[in-house]
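In: After the sequence you'll find the predicted model.
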Amino acid sequence: MHAIPQFDDAVEPHHERIDADRYHDIYVVGDVHGSRLALESLLATLELGDDDLVVFVGDLVRKGPDSPGVVDLVRADDRLLSVRGNNEGKIVRGEKSPDWLREGDRAYFASLPVAASFADALVVHGGVDPERPLAAHTAEELLTMRSPHGDGYEGPFWYESYDGPFRVFFGHTVHDRPVDRPHAVGLDTGCVYGGPLTAYDYRRDAFVTVDGTTTHRERDDAKIVTPV
């Protein structure tokens, strides 16, 4: 088992270390983006027990039809934990103030860890730069990482050359199927764009998906990646 990931002072207060031995099953779930019905369907499919844990990769909100409903689902269940996504980050910084935002929502988003880790797994929203140690990353970089030495959706993507030591679970970049690599697992399969909502079953090394309930946003095909 690898050592606990280390981050710089700006990130460390927002890193949540999870004791995997406390939980029977652990799932990591991709970007929900306000798609409450799809999330309810996925949680019903997972049939969570009292000692199970679900970790979201962030972007619980925005774009979909029921961001408050998603927030309430996650906040009401101690078995559900989310890291912060770039969309939560925009609200925390005041760059976005959607009309559904309620008193206490911004403070909740600010309380979300930028990273969570358990065993040899690291959960962040965007990803990591393979050419730099974790300690050299800012919080914002962990939220928005895509092509640190390329050009956005043109690539190359960070995970294509990342070789550990941690297995990084991430969202942010939309794929038409999950990214399944030895050291990187991508879980944003475009639920809000009509794709499935995807979870990774950590104990069984398997993906669990439910169909999206509807297409809430259209997306250019150039911004939906097919994993190599």
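Out: Okay, I see it.
In: after the helix or strand that residue 88 is a member of comes which helix or strand?
Out: For residue 88, the element it lies in under DSSP states H and E is helix 86-92. Helices and strands here follow DSSP H and E; after helix 86-92, the next one along the chain is helix 105-111.
In: in that following helix, what counts as buried?
Out: Residues of helix 105-111 classed as buried by neighbour count (16 or more other Cβ atoms under 10 Å): 105, 106, 108, 109. C-beta: built from backbone N, CA, C; applies to glycine.
In: hmm, who's touching the strand or helix carrying residue 71?
Out: Assigned by DSSP H and E, residue 71 belongs to helix 67-75. Contacts to helix 67-75, defined as Cβ atoms under 8 Å, 6 or more residues apart in numbering, come from residues 32, 34-36, 39-40, 43, 56, 60-61, 64, 80-82, 98, 100, 102, 105, 108.
In: Give me the neighbour count for the nearest residue to residue 163 once chain neighbours are set aside.
Out: Excluding its sequence neighbours, the residue lying closest to residue 163 (Cβ to Cβ, 6 or more residues apart in numbering) is residue 183, at 5.8 Å. Neighbours of residue 183 under the rule other Cβ atoms under 10 Å: 16.
In: Would you mind confirming that residue 183 makes contact with residue 158?
Out: No. Between residue 183 and residue 158 there is no contact under Cβ atoms under 8 Å: 10.9 Å.
In: Confirm residue 32 sits in a strand?
Out: No. Under the criterion used here (DSSP: H, G, I helix; E, B strand; the rest coil), residue 32 is coil, not part of a strand.
In: got the contact list for residue 224?
Out: Residues in contact with residue 224, defined by Cβ under 8 Å, 6+ apart, are 174, 175, 176, 190, 193, 195.
In: actually residue 32, not the one I typed
Out: Taking Cβ under 8 Å, 6+ apart, one finds 38, 39, 56, 59, 60, 61, 64, 70, 191, 192, 197 in contact with residue 32.
In: For the residue nearest to residue 14 when sequence neighbours are not counted, grab phi and psi.
Out: Distance criterion Cβ to Cβ, 6+ apart; nearest residue to residue 14, sequence neighbours excluded, is residue 114 at 4.0 Å. The phi/psi pair for residue 114 (degrees, to the nearest 10) reads phi -70, psi -30.
In: With the one 3 residues further on instead?
Out: Main-chain dihedrals, residue 117, degrees, to the nearest 10: phi -140, psi 150.
In: Please verify my assumption that it contacts residue 15.
Out: Yes. If you go by Cβ under 8 Å, residue 117 and residue 15 touch, sitting 7.0 Å apart.
In: check contacts around the residue positioned nearest the centre of the chain.
Out: Nearest to the geometric centre of the chain sits residue 57, at 1.3 Å (Cα atoms, centre = their mean). Counting by Cβ under 8 Å, 6+ apart, residue 57 touches 28-31, 82-83, 85, 123-125, 169-172, 187-188.
In: List the ones among the residues you listed that fall in strands.
Out: If you go by DSSP state E, the contacts of residue 57 have 28, 29, 82, 123, 169, 170 in strands.
In: Look at the fourth one and say how many residues are nearby.
Out: Right, residue 123. 28.
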